[in-house]
Every structure is written in structure tokens, then in C-alpha cells.
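Asks: Quick one: sequence plus predicted model below, questions after.
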Amino acid sequence: MNSGIRFDSVTVAYDGNVVLDALDLTVEPGEVMALLGPSGSGKTTALRAVAGFVRPVSGRVFLGGRDVTDLPPYRRGVGMVVQQYALFPHMRVEENVAFGLKAQKVAKGEIRGRVAQALDMTGMAAYARRHPRELSGGQQQRVAIARALAIRPGVLLLDEPLSALDARLRSGMLAELARLHRELPDVSILYVTHDQVEALTLADRIAVMDSARLRAYGTPRELYRSPSDEFTASFVGNANLLPVTVGEEGVFFGGRRIKVSGQAPGAADTLCVRPHLVGLGDGPNQLEGRVSEVQWRGATHRLYVDVDGHRVMADVRELKDPPSHGDAVTLHFAPDDAVLLAAGGSHD
Amino acid sequence: MLVHSRGAKWAVWAVFFVLFLPLFALPLLVVLGASFATNWSSVLPSGLTAAHYDAATRGEALQALTTSLVTALAASLLALAVGTWAALAAHALPKPLRRVLDALFVLPVAVPSVVVGLAVLVAFSRPPLLLNGTRWIVILAHTVLVTAFAYQSVSAAVTRLDPAYEQAAASLGGRPAYVLWRIRLPLLLPSLTAAAGLCFALSMGELSATVMLYPPDWTPLPVLVYAATDRGALFAGSALAMVLMAATLTVLLVVSRIRTRASYR
């Protein structure tokens, strides 16, 4: 099986400008790996290096254990779906899906069956005779996925596949992608996105990218519960990042002693607490402040509280009688729910 | 230009008619009028007759029309093939080299066509490539002249073509030649037909290089128009000119029909 991806110190540069800096990363066979990061973080470049559209200046790319660094795109056998789908406008849906099979000279008798199978899998069998321009964005997306799956790739590359869809369609397609992966358990998926919800929902592991570098990687739960640095903490989920001093006597935030369960990683100077783990009222690790803004979000209230000049966010269950701007409130959080982050996380 | 007020709209139309009518439409109308006339001494032509058209669609004139059509068809197809090939090749070149190729293909446009005619004449008047005195030298000169336009319009279209299509095709296992044939050329088809139409029209009207090169048995229609006006037969020349125009427009119309069917969005 031609599954699994390995980046071995892959560096990509355009005109001396490094856009991917010595990436080391392994995607196991059958694993869904999300490359999460802001634009310009190098995540799309990493994907294009796997597809063969950019040549690393150094390092090797392996697909299923085979070194493909010097192979042209058409000999790599990876499925790829891009943001704008790139369906061939002059071909019907079935011709689009059959393209890869014809290009690879699959026997004529076999093509029809495999096209039908790929279209069935994505629920597009009824649209086989349509042209791409006659389809909605979500339908085009499904055809693009069917086209990529028809060649039975060991690796599927998805480059921001949902960002051109509206929010409602997007959550439907997320569930659809998860189902497809259950049906094709051997296929490794590299999923490039800037959307943390997509990454958290779909990925077995997330690789967080920033400024051409790999910042952190791990399971969504690991990255969410115990992020390694400020960038990861704020990019994977929301985070309160509070400046603290850590010494022999304990952890202090603006003169208050804070109880934290975990160990401080060396010289820590930032405390991370997720907003939904901050409670209103008395409790451990109390913080007194004044409400600067209240947002009602249906099931929850988001409170922005000014504590000694620092903004602390708290997501609490919808309040019957929410505080208003300027009210004095007390917040608390459990020692288990706070994480100390290494110094200088995102300022290098 | 967005013009909203009623007065301004009228002003724009007025300017359009004042500039367009005398410069573009009236000369053509005059030729049309003259083509039916035997005499034009007052405001309007007189002695209306269809005899010029009779002469312009038979014998020597019909021969010349066929010659023009064949020449233009051959030259525009050759130019399209060469221009498209060059444009695709240039796209794959590094930028400095592409600039050189761009400049090279602009030359026949930048240089007066008489010079191109002379160059072709000098180059192909001796062995091993002795084309002077044959129809091939006319077709060759026309091809050289119009290839520049084919190159430029196809080149612009190739640059505009979204690379996502060919990349998707390559990732699906399409080799470059297969992707060119199945994806890139079909997507370029609207631009290719437009380029072919342009080349055809330019070749149909080419005179200055042609008069230096044409052999007696390969006289294109513009040469006849020129000869007629040169000997003072303005009305007969007008009829020939109208035939030339009608033939060119008919072919362009057919090409544009193909073009509409070839555009996907």
C-alpha cells in the first residue's frame, strides 16, 4: 500500500525566501493529519511538496516508504482536492472522474465501474451527466473528491477544501469527509486548513505551523489540553494567556498566588486557561475584576473581564441575570484546568 | 465608463457619432455606393448597375478571391500552430528567455510589412530554398506577418489559464502531453479560434508585402483592388473591395460561431 507520508527535513525556498523550514513530520498510513496555521505559515507549501508542485531545496519526501522527491507529479499517485475544486469545465462530471483512470490507461471495461463507485461514494451518481457549471459549490466539491478517489490513491491531499463553502454546508461536508475516511481506512489524509474547528473535528493529529516552521504537533486533545506554547494555545481553541512569574514560592499573577497542578516547563512566564473553564463566582484561583463587555451567544455568555489591566475571557452557561458593563465580578478556575507555557513562545 | 444623467448620455452618443461615422462608417458606405455606380459627379452616385459585381465574382476576380481565401486559411492555420507552440513553450521558459521570445515575435509587427516582404524575397530567391515565383512565398510571408498576432493573443490566454487545472490533471496521473491535449488546449480553444480569426482577417487584407512577392498565377484579391484603383477603375475596384470584405466577414462570423460553442462559462 502506497500510504503514509514522511517529510525528512524538507526546506522550500523561492528566490532565497524560505517558505518551509526543515519540516520533519510523519503521517502514518490511514492517519488524518491536519496542517493548521495562518496564511503564509508554509502549510500549503508542505502539501504542494507532497504533490510534487514545488521542489524542496533540501530534504526528502517519502510516500509509503518510497522516496518521491525527484518524481514528477503524475508519477506520485496522490489524490488532491484544492479550494477552488479545479473541475475541468469542458468535461461532464463522469468524464472528470474518469480522467485519472484514462490518463493511467486503466482498462476501458473497468473505468465505468470505478467512476460509478467513486460517484456513489460521494453521493453524486445522479449528476454524472452534468457539466461542472451546472453544479453548486458543495456538489462540485463532492465531484472533486470523487475524482481524486477514483484513482485509489494511498494518500489524499486536501487543501482548504471547505473554505469556499458557507458555514452550514461546511459542517455537513466535515461529517461527510469523516465518513469517507471510515470507508477508506487505509488512506492517509493530509488536510491543510486555517480553521481550528475543521482540524479538531477531523484530524487524528494536528501539526501547527507558523512562519514556515512546525510549531507543535500532537492529538487534538493534547494540543488543546496542554499546548506547548502561546501560538498553539491561541490557534487551537480560544485561550486566556496571562503573564505570570514562577519562583520558589509558587506561581504569581499580579500579586495573587495561583495554584497550578501541572509542572512548569523550565522558565515559564505565561498561564493558559481556556475561557469555558473559567467560572463566575467564588472558587479556587479567584480573580476580581470589572466587566468590560458582555456577549450573548445563545447557549453561553462570553464575559470580557478586566483584571488588573489584563483581559480575561469567560464562557459561562447562559445567565438569567447577566452582569453589565462596569460591574465588579469574581472569576475562578480549577488548578487542573490551567497550563503553564514556556517563555518566549511566539516571540522568537 | 459610467454615465448616469440623460444629458451626458446624449453627449456621449453625439461624440460617438461625430467621431465614428466620418472616420469608420462613411468611407465604407462610400465604397458600397461606388460599387454600384458608373458615375459619381454630384452628391450621390448615379448610373446604378450591378455589372461591377458581375465582373467581381467571375473569371480573374473569382480566381483572386479563391487565392486570397486559400492563402489566408493556410497562413492563419500555420500561424496558429506556430504561434500556439511558441506561446506554450515561452510559458515554460524562465522569465528573461521569455522576454527574448516575446521581443522576437513582436518584430514582424514592429517592422513595416514592406521590409518583411523584402526580407522574405531576398532570403528565398536562391537555392537551397528557392520559393520565389511560387505561391509558397506569398503564404510564407503572410504566415510570418500574422504569426506575431497569434503568438500574442495565445500567449495572453496561456498566462491567464489557471494552473490549478493542469496541476489537478497532473496529480491524477496525466503526463504533460496528455494534459496539453485533453485539458490545456481545450481550455484555450476560445482564444485559439479568436487568434485564428484575427490572423485570417489580417492575411485577407495584406497588400504591401504581397505586391513584392506574388507570382502571376497566385494573385490575391487585394492586389486586384489595388491594380483596379491604380488604373482609375474606382467603381470596379469598389466592387472587388466589397467582395473581399463580405468574404472576410463571412469567415469571421463562422469562426465566432465556433468560438461561442467552445466557451464554457
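Replies: Looks like it arrived, so ask away.
Asks: Okay, helices next: where are they in the stretch 51-200 of chain A?
Replies: A:93-103, A:108-121, A:137-150, A:167-183, A:196-202 (DSSP state H, counting those that start in this stretch).
Asks: low-confidence ranges in the chain?
Replies: This is for chain A. For chain A, the stretches flagged by pLDDT under 70 are A:1-2, A:263-266, A:343-348.
Asks: oops, I was thinking of chain B
Replies: Along chain B, segments meeting pLDDT under 70 span B:1-3, B:260-265.
Asks: Spell out which residues of it are next to chain A.
Replies: When proximity is defined as C-beta under 8 Å from any C-beta of the partner chain, chain B approaches chain A at B:162, B:164-165, B:167-176, B:178-179, B:182-183, B:186-187, B:264-265. Every residue, glycine included, has its C-beta placed from N, CA and C.
Asks: and the residue of the stretch 51-200 of chain B nearest chain A?
Replies: The nearest approach of the stretch 51-200 of chain B to chain A comes at B:Leu172, 3.2 Å away (C-beta to the nearest C-beta).
Asks: and the gap between that residue and A:Arg129?
Replies: Using C-beta to C-beta, to the nearest Å, one gets 20 Å for the distance from B:Leu172 to A:Arg129.
Asks: who's more crowded, these two?
Replies: Taking other C-beta atoms under 10 Å in any protein chain shown, B:Leu172 and A:Arg129 do not tie; B:Leu172 has more neighbours (29 against 10).
Asks: Spatially central residue in chain A, please.
Replies: Central residue of chain A (C-alpha atoms, centre = their mean): A:Ala199, 3.1 Å from the mean position.
Asks: Quick check: closest non-adjacent residue to it.
Replies: A:Ala34 (3.8 Å; C-beta to C-beta, 6 or more residues apart in numbering or on different chains).
Asks: With B:Gly83 instead?
Replies: Nearest one to B:Gly83, counting by C-beta to C-beta, 6+ apart, is B:Ala150 at 2.9 Å.
Asks: Report the contact partners of that neighbour.
Replies: Counting by C-beta atoms under 8 Å, 6 or more residues apart in numbering or on different chains, B:Ala150 touches B:Ser76, B:Ala79, B:Leu80, B:Val82, B:Gly83, B:Thr84, B:Ala195, B:Ala196, B:Leu198, B:Cys199.
Asks: Tell me which two in those residues are the farthest apart.
Replies: B:Val82 and B:Leu198 (14.5 Å; C-beta to C-beta).
Asks: higher neighbour count, these two?
Replies: Higher neighbour count among B:Val82 and B:Leu198: B:Leu198, with 20 against 17, using other C-beta under 10 Å.
Asks: Can you give me the distance of that one to B:Arg257?
Replies: Separation of B:Leu198 from B:Arg257 (C-beta to C-beta): 16 Å.
Asks: do A:Asp195 as well
Replies: Counting by C-beta to C-beta - A:Asp195 and B:Arg257 are separated by 46 Å.
Asks: what about residue 208, which SS state?
Replies: Unless you meant another one, I'm taking chain A. Classification of A:Val208 using DSSP: H, G, I helix; E, B strand; the rest coil returns strand.
Asks: Just grab the bridge partners of it for me.
Replies: Here A:Val208 sits in beta bridges with A:Leu36, A:Ala216, going by DSSP bridges.
Asks: wait, it sits on A:Ser234?
Replies: No: with contact defined as C-beta atoms under 8 Å, A:Val208 does not count as touching A:Ser234 (10.4 Å).
Asks: So for these two, which sits in the more crowded spot?
Replies: A:Val208 (27 against 17).
Asks: How about residues contacting the helix or strand encompassing A:Gly289?
Replies: Secondary structure assigned from DSSP states H and E places A:Gly289 in strand A:287-296. With contact meaning C-beta under 8 Å, 6+ apart, strand A:287-296 is reached by A:253, A:256, A:301-308, A:311-312, A:318, A:322-332.
Asks: Comparing A:Asp195 and B:Arg257, which residue is more hemmed in?
Replies: Just comparing A:Asp195 and B:Arg257: by other C-beta under 10 Å the higher neighbour count belongs to A:Asp195, 15 against 11.
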